[in-house]
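Asks: no sequence on hand, only this structure:
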């Protein structure tokens, strides 16, 4: 009996152990798969991030383009070496670019929280400018590394001796990176001063003067009030350091050679003291759009000389005002639109000669009376001489375009721009008065008219073909004219960078014609 009891208990224990082992081997019920779901709250293209209540949308474009007649895919043939118009100047410049943007939105009890990022990866072919070597050496002027500023890649010189260095690196641009919440925009976004079309009333050409244009964004802290019926107003504090410094130039450091190169003295911008203060009111309705913008810009100079003991001029505030108008649904055709804007600045030049257009010019051409001709100009925010106060440079300008849709696949835009810069008496006396930099000496004896005022005129025509949705081919022809106010002839000491020899040059207006061909696939 005792044996039987022991046997039964042992068998039961073995069965229990075996059942535990079998249970451990049974499959555990899997969690339900969280499929990506469409988010219809914010328009097409948004999806819920799995496991969250945040919606995300990815977008961007891939672009391939070539610009003919310039060393830049965004501007006219100007500066070194493009403006030299000789064997150093590019007949073409090519670029390939991938843009990626990420838009996230989350509904909260305080409203929608939005983040937006837009970055570009670019490869842009460069060019070669002279090294000044007696044997004719050149240096590469393309960007050989990554540039995360979001601005146009800086020209980085690199000696060429059989290799182009790390030319596969290209450049990285961070255009936008901001948070929006409860009416606030915090981060890098288009300036509140800009018209909604920024630099592009109808064009692809980036270097259009006549208005503001922070297409690559500017860091800001903004509050926008929405009054309904398409009426909004914004107040913004925007970073001045990267995009809004046209220069504070000490004319005491000016030379005739430097002026011909587009520099009127020693640039002495100081550290940041105040952001640019911007106010904007906009009416955006079915008929079109109207916007009025104002901005204040603090001109803060470092020192008159090499150290703080030399003293400095006091700060001087500049300002700008811009009006923009868009008219839609005009009788010429469905989707046709007219976009125009006009601007006036006083000590805030970048709101007219925007960042991608620049405000310094040096261009060479042919001449019937001298070795060659040259046109040059510069528009900083302020000028001064050692010991003086700052004097503001005043500018005004306008830009606009008319876009006509021929059919759902073709459209054409005619566009133009004009900007003028005007100097005060301090600058004109220092540069062109008795004993002035540009009229002093035997070499300048041929100068018959000396005036640093100038104007830029531009006109262009672009045609776009979209054979299938989101794939567009375009051709943009632009003419840029520099109307400078110098006349006569001038002795120029030459420049190694542009391979210009020491000779007598005619002072003359200059022109640039560029053609930008582009293929772009949006996604």
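Replies: Great, that's in hand. None of the values given here were measured: they were computed from a predicted structure.
Asks: longest strand anywhere in the protein?
Replies: Of all the segments of type strand in the chain, defined by DSSP state E, the longest one is strand 92-108.
Asks: check which helices and strands the following helix or strand past that strand is in contact with.
Replies: The helix or strand immediately downstream of strand 92-108 is strand 111-124, counting by DSSP states H and E. Applying 3 or more CB pairs under 8 Å, 6 or more residues apart in numbering; DSSP states H and E, one finds that strand 111-124 contacts strand 92-108, strand 171-181. For glycine as for every other residue, the C-beta is placed from the backbone atoms N, C-alpha and C.
Asks: and the ones you listed, which is most packed in?
Replies: Most buried of the helices and strands packed on strand 111-124, by mean neighbour count (mean count of other CB atoms under 10 Å): strand 171-181, with a mean of 18.
Asks: neighbouring strands for it, and are they parallel or not?
Replies: strand 111-124 (antiparallel), strand 184-189 (antiparallel) (DSSP bridges).
Asks: can I get the ones you listed in JSON lines with mean neighbour count?
Replies: Compiled in JSON lines, those are given as follows (neighbours: other CB atoms under 10 Å):
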{"stretch": "strand 111-124", "mean neighbour count": "17"}
{"stretch": "strand 184-189", "mean neighbour count": "18"}
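Asks: for those, which one sits closest to residue 235?
Replies: Closest to residue 235 of the strands paired with strand 171-181, according to CB to CB: strand 184-189, at 10.7 Å.
Asks: CSV for the strands paired with strand 171-181, including mean pLDDT and distance to residue 498?
Replies: Formatted as CSV, the strands paired with strand 171-181 follow (pLDDT from 0 to 100; distance: least, CB to CB, whole Å):
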stretch, mean pLDDT, distance to residue 498
strand 111-124, 96, 21
strand 184-189, 98, 35
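Asks: and these as CSV, adding distance to residue 87?
Replies: Output for the strands paired with strand 171-181, formatted as CSV (distance: least, CB to CB, whole Å):
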stretch, distance to residue 87
strand 111-124, 21
strand 184-189, 40
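Asks: ok so, going back, which among the helices and strands packed on strand 111-124 is found nearest to residue 472?
Replies: So among the helices and strands packed on strand 111-124, strand 92-108 is nearest, using CB to CB, at 13.9 Å.
Asks: and that closest one, what other elements does it pack with?
Replies: For strand 92-108, the packing partners by 3+ CB pairs under 8 Å, 6+ apart come out as strand 54-68, strand 111-124.
Asks: any chance of those in TSV with distance to residue 225 as columns?
Replies: Below are the helices and strands packed on strand 92-108 laid out as TSV (distance: least, CB to CB, whole Å):
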stretch	distance to residue 225
strand 54-68	25
strand 111-124	13
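Asks: what's the closest of those to residue 357?
Replies: Comparing the helices and strands packed on strand 92-108 under CB to CB, the one sitting nearest is strand 54-68, at 14.9 Å.
Asks: so which residues of the chain form helices?
Replies: Ranges of helices within the chain are 2-25, 256-260, 425-432, based on DSSP state H.
Asks: looking at the ones you listed, which one has the lowest mean pLDDT?
Replies: Lowest mean pLDDT within the helices of the chain: helix 2-25, at a mean of 44.
Asks: now do the contacts for the nearest residue to residue 376 once chain neighbours are set aside.
Replies: Closest residue in space to residue 376, ignoring its immediate chain neighbours: residue 362 at 4.8 Å, by CB to CB, 6 or more residues apart in numbering. By CB atoms under 8 Å, 6 or more residues apart in numbering, the contact list for residue 362 reads 78-80, 83, 260-262, 374-376.
Asks: hmm, try it at 6 Å
Replies: 79, 83, 261-262, 376 (CB atoms under 6 Å, 6 or more residues apart in numbering).
Asks: residue 286 too?
Replies: Applying CB under 6 Å, 6+ apart, no residues contact residue 286.
Asks: look up how far residue 85 lies from it.
Replies: 48 Å (CB to CB, to the nearest Å).
Asks: what of residue 470?
Replies: With CB to CB as the criterion, residue 470 and residue 85 are 38 Å apart.
Asks: so for these two, which residue has more residues nearby?
Replies: The neighbour count for residue 470 versus residue 85, taken as other CB atoms under 10 Å, is higher for residue 85 (19 against 10).
Asks: for the closest residue to that one other than its chain neighbours, give the beta-bridge partners.
Replies: Nearest residue to residue 85 in three dimensions, chain neighbours excluded: residue 364, at 5.2 Å (CB to CB, 6+ apart). Beta bridges link residue 364 to residue 374, judged by DSSP bridges.
Asks: okay, now residue 364: neighbour count?
Replies: Neighbours of residue 364 (other CB under 10 Å): 25.
Asks: contacting residues for residue 292?
Replies: Residue 292 touches 281, 323, counting by CB under 6 Å, 6+ apart.
Asks: hmm, I was thinking of residue 338
Replies: By CB under 6 Å, 6+ apart, the neighbours of residue 338 are 327, 402.
Asks: rerun that using 7 Å as the cut-off
Replies: If you count contacts by CB atoms under 7 Å, 6 or more residues apart in numbering, residue 338 has them with 327, 330, 402.
Asks: which of the residues you listed fall in strands?
Replies: 327, 402.
Asks: give me the buried entries from the contacts of residue 338.
Replies: 330, 402 (16 or more other CB atoms under 10 Å).
Asks: which of the contacts of residue 338 has the weakest pLDDT?
Replies: residue 330 (93).
Asks: against residue 288, how distant is that one?
Replies: 9 Å.
Asks: can you show me the strands along the stretch 401-523 of the chain?
Replies: For the stretch 401-523 of the chain, the strands defined by DSSP state E, counting those that start in this stretch cover 410-422, 447-449, 454-468, 471-484, 487-492, 503-507, 510-522.
Asks: now the ones you listed as JSON lines including distance to residue 319?
Replies: Formatted as JSON lines, the strands of the stretch 401-523 of the chain follow (distance: least, CB to CB, whole Å):
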{"stretch": "strand 410-422", "distance to residue 319": "15"}
{"stretch": "strand 447-449", "distance to residue 319": "31"}
{"stretch": "strand 454-468", "distance to residue 319": "21"}
{"stretch": "strand 471-484", "distance to residue 319": "25"}
{"stretch": "strand 487-492", "distance to residue 319": "33"}
{"stretch": "strand 503-507", "distance to residue 319": "33"}
{"stretch": "strand 510-522", "distance to residue 319": "31"}
